[in-house]
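Trainee: make a model of this:
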Amino acid sequence: MATMETDHSKRAVEDPNAEQMGAKRGEATDTNTPSMSAEEEKFSNGQDVPPATPAAPPSGLPKQPNGGLNAWLQVLGGFFVYFNTWGLIITFGVFQSYYQNHLLSHYSSSQISWIGTIQSFLLVEIGIISGPLYDHGHLRLLIAVGAFFLVLGIMMTSLAKEYYSIFLSLGVCTGLGMGLVFFPGITAISTYFTTKRGLANGIAASGSALGAVIYPIVLRELITQVSFPWAVRAVGFIVLATLLVPIFIMKPLFLPTGKRQVTDKTMFKDRVYVLFAITNFIGWLGVQIPLFYAALFAEYVIGRSQDNAFYMLAIMGAGSFPGRLLAPLAGDRFSPLLVYPVVMALAGILTLAWIGVTTYGGLVVVALLYGFAYGGVVSLPPPAVAVLTTDMRTLGTRIGAAFSLAGVSALVGPPIAGAIEGGSSGFKGLFAFSGAMMVAGSLCLCYVGYLHHQEVKRNSRV
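Mentor: Numbers count the residues shown, from 1 in each chain. Modelled structure (predicted):
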């Protein structure tokens, strides 16, 4: 018996995957090996930096390449996924301003914002369905079906003239399409990378920054030069052309083997993961609000023309570009669980600073800086969930579930803000609510990062 234990200990030292392989076979493993990883050495030296790289995939699965042509093609496909999901979400402020001044002028800003919030809600909530379907190998089918609904919704929006038809086309149909496209696209990227995961996600996420610049300008210019319906159709044609790229080049790294459960039930027993999902709900109550009301603030408070106010969204989109790159890079260096609360707090503080803005120049500065922080807030959750995931075959399910509570926040946050703006508090109350929610979410995320740090530290000393 002693000889068998000694041999097993030697194998655990010689093979870094032995512990995982043994756990899979139900065998006992020796956790007191003399070797120590670089990340564990950081913890033993007292550095508060959670590891950014999860455990290796179980034995028998393809190795994560962390680079190469196929891996970077997934990033290219993900770039256009972000371009046509979050890039369009940011653009809703243009629709909000146009509808409030024209087709739906007899509706309140809170009522109109429900169109955008149902769009945002479905984008993140559909992940409950699209995440597990991705894990079952249906990546391209999901993107193709999602692209169909997304383009259909945009084209129907160009014809819609009543509140209910606009709600169904721009809100429900496009939101459904975005949700089917988004989660498979971003999940595929994380499975191909390990130490470069933040960089890869950041490059892909910069697609939404480009979309947030291009789509508002296209809409603004074509609305004035042609008409609103044809401006919307032009956006639909751009979406159709650019989504062909991920349909043809993206493919899953881990294909399902044998019969699998639809839901990963083990994630509900992961305390840190569950708390991370809950904190997303708190912070995301305020995240979308500045995007919905920036153009209206520029028009009604600062006194800019409607055409000029449209450019506020392009300014925020331009500001988000470096945020989507630098924040994930910092996540690779330290940990996305450490950087995420920092950018969330920055976004909240900048939103509170919005209350004191009285000039157009000040508004441009705050909008640029908020765009930077927003870029980090949007791009860091996927790599953060990947850090909390050991089996990459379940990553789609876990990302989708983690975003589900954030979807509820995206649904109710902007209408609450619109109701506040319509009351006696005005825009000051609106931005105070938004900023407070993000600061509170940041504090909760700090606690999640602390728990993860303690868990890794405890495991490294076992």
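
Trainee: flag the shaky bits of this protein, pLDDT-wise.
Mentor: 1-65, 254-265, 306-307, 462 (pLDDT under 70).

Trainee: spatially central residue for it, please.
Mentor: Closest residue to the average C-alpha location of the chain: residue 378 at 4.2 Å, with CA atoms, centre = their mean.

Trainee: and the helix or strand containing it, what does it pack onto?
Mentor: Per DSSP states H and E, residue 378 falls inside helix 360-379. Judged by 3 or more CB pairs under 8 Å, 6 or more residues apart in numbering; DSSP states H and E, helix 360-379 is in contact with helix 197-225, helix 271-287, helix 289-300, helix 306-333, helix 336-353. From N, CA and C alone the C-beta is placed, and that goes for glycine too.

Trainee: for those helices, give me a markdown table that also has distance to residue 185 and mean neighbour count.
Mentor: Below are the helices and strands packed on helix 360-379 laid out as a markdown table (distance: least, CB to CB, whole Å; neighbours: other CB atoms under 10 Å):
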| stretch | distance to residue 185 | mean neighbour count |
| --- | --- | --- |
| helix 197-225 | 8 | 23 |
| helix 271-287 | 19 | 22 |
| helix 289-300 | 21 | 25 |
| helix 306-333 | 15 | 23 |
| helix 336-353 | 18 | 24 |
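
Trainee: show me what the longest helix along the chain is packed up against.
Mentor: In the chain, assigned by DSSP state H, the helix with the most residues is helix 426-460. Judged by 3+ CB pairs under 8 Å, 6+ apart, the packing partners of helix 426-460 are helix 38-44, helix 271-287, helix 289-300, helix 336-353, helix 395-422.

Trainee: among those, which is nearest residue 176?
Mentor: In terms of CB to CB, the element of these nearest to residue 176 is helix 395-422, at 12.4 Å.

Trainee: can you list the buried residues in the closest one?
Mentor: Of all the residues in helix 395-422, those buried under the rule 16 or more other CB atoms under 10 Å are 395-411, 413-421.

Trainee: burial of the closest residue to the residue nearest to the centre of the chain other than its chain neighbours, as a residue count?
Mentor: Nearest-residue entry for residue 378: residue 86, 5.9 Å, with adjacent residues in sequence omitted and distances by CB to CB, 6 or more residues apart in numbering. When neighbours are counted by other CB atoms under 10 Å, residue 86 registers 28.

Trainee: and residue 86, how far from residue 333?
Mentor: Distance from residue 86 to residue 333, counting by CB to CB, to the nearest Å: 24 Å.

Trainee: turn the helices and strands packed on helix 360-379 into CSV, including distance to residue 452.
Mentor: As requested, the helices and strands packed on helix 360-379 are exported to CSV (distance: least, CB to CB, whole Å):
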stretch, distance to residue 452
helix 197-225, 16
helix 271-287, 5
helix 289-300, 28
helix 306-333, 13
helix 336-353, 5
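
Trainee: which stretches in the stretch 1-150 of the chain count as helices?
Mentor: Listed in chain order, the helices of the stretch 1-150 of the chain (DSSP state H, counting those that start in this stretch) span 2-14, 18-25, 38-44, 69-83, 86-101, 109-125, 127-135, 139-157.

Trainee: about what we covered before: and the helix holding residue 378, how far out from the chain's middle?
Mentor: Between the centre of helix 360-379 and the centre of its chain there are 17 Å (CA atoms, centre = their mean, to the nearest Å).

Trainee: convert the C-alpha atoms of it to CSV, please.
Mentor: Taking C-alpha atoms only, helix 360-379 is exported to CSV below (Å, rounded to 0.1, in the frame of the first residue of the first chain):
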residue,chain,number,x,y,z
TYR,A,360,-21.0,71.1,-23.7
GLY,A,361,-17.2,70.9,-23.3
GLY,A,362,-17.7,69.4,-19.8
LEU,A,363,-20.3,66.9,-21.2
VAL,A,364,-17.9,65.8,-23.9
VAL,A,365,-15.1,65.1,-21.3
VAL,A,366,-17.4,63.2,-19.0
ALA,A,367,-19.0,61.2,-21.9
LEU,A,368,-15.5,60.2,-23.2
LEU,A,369,-14.4,59.1,-19.7
TYR,A,370,-17.6,57.2,-19.1
GLY,A,371,-17.2,55.5,-22.4
PHE,A,372,-13.8,54.3,-21.3
ALA,A,373,-15.1,52.9,-18.0
TYR,A,374,-18.2,51.4,-19.8
GLY,A,375,-15.9,49.6,-22.2
GLY,A,376,-14.2,47.8,-19.3
VAL,A,377,-17.5,47.0,-17.6
VAL,A,378,-18.8,45.3,-20.7
SER,A,379,-15.7,43.4,-21.7
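
Trainee: next, the buried residues of it.
Mentor: Applying a neighbour-count criterion of 16+ other CB under 10 Å, one finds 363-379 buried in helix 360-379.

Trainee: which element follows that helix toward the C-terminus?
Mentor: Note on helix 360-379: by DSSP H and E, the next helix or strand toward the C-terminus is helix 381-387.

Trainee: for the nearest residue to residue 444 once chain neighbours are set aside, give me its contacts.
Mentor: Excluding its sequence neighbours, the residue lying closest to residue 444 (CB to CB, 6+ apart) is residue 279, at 3.9 Å. For residue 279, the contacting residues are 441, 444, 445, 447, 448, by CB atoms under 8 Å, 6 or more residues apart in numbering.

Trainee: what about the last one, neighbour count?
Mentor: Applying other CB under 10 Å, we find 24 residues neighbouring residue 448.

Trainee: and for residue 440?
Mentor: Residues near residue 440, counting by other CB under 10 Å, number 18.

Trainee: I'd assumed residue 284 was in contact with it.
Mentor: No - assessed by CB atoms under 8 Å, residue 440 is found out of contact with residue 284, at 11.3 Å.

Trainee: how about the contacts of residue 279 in a markdown table, adding distance to residue 98?
Mentor: Below are the contacts of residue 279 laid out as a markdown table (distance: CB to CB, whole Å):
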| residue | distance to residue 98 |
| --- | --- |
| 441 | 31 |
| 444 | 36 |
| 445 | 35 |
| 447 | 41 |
| 448 | 39 |
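
Trainee: now the residues you listed: which count as buried?
Mentor: 441, 444, 445, 448.

Trainee: in this structure residue 145 contacts residue 178, no?
Mentor: No - Residue 145 lies out of contact with residue 178 (CB under 8 Å); the separation is 11.9 Å.

Trainee: the more surrounded of these two?
Mentor: More neighbours surround residue 178 than the other of residue 145 and residue 178, with 27 against 17 (other CB under 10 Å).

Trainee: which element is that one on?
Mentor: Assigned by DSSP H and E, residue 178 belongs to helix 174-192.

Trainee: swap in residue 233?
Mentor: Assessed by DSSP H and E, residue 233 sits inside helix 228-249.

Trainee: and the contacts of that helix?
Mentor: 73-74, 76-78, 80-81, 83-84, 88, 91, 98, 102, 140, 143-144, 147, 150-151, 154-155, 157-159, 181, 185, 214-215, 218-219, 221-223.
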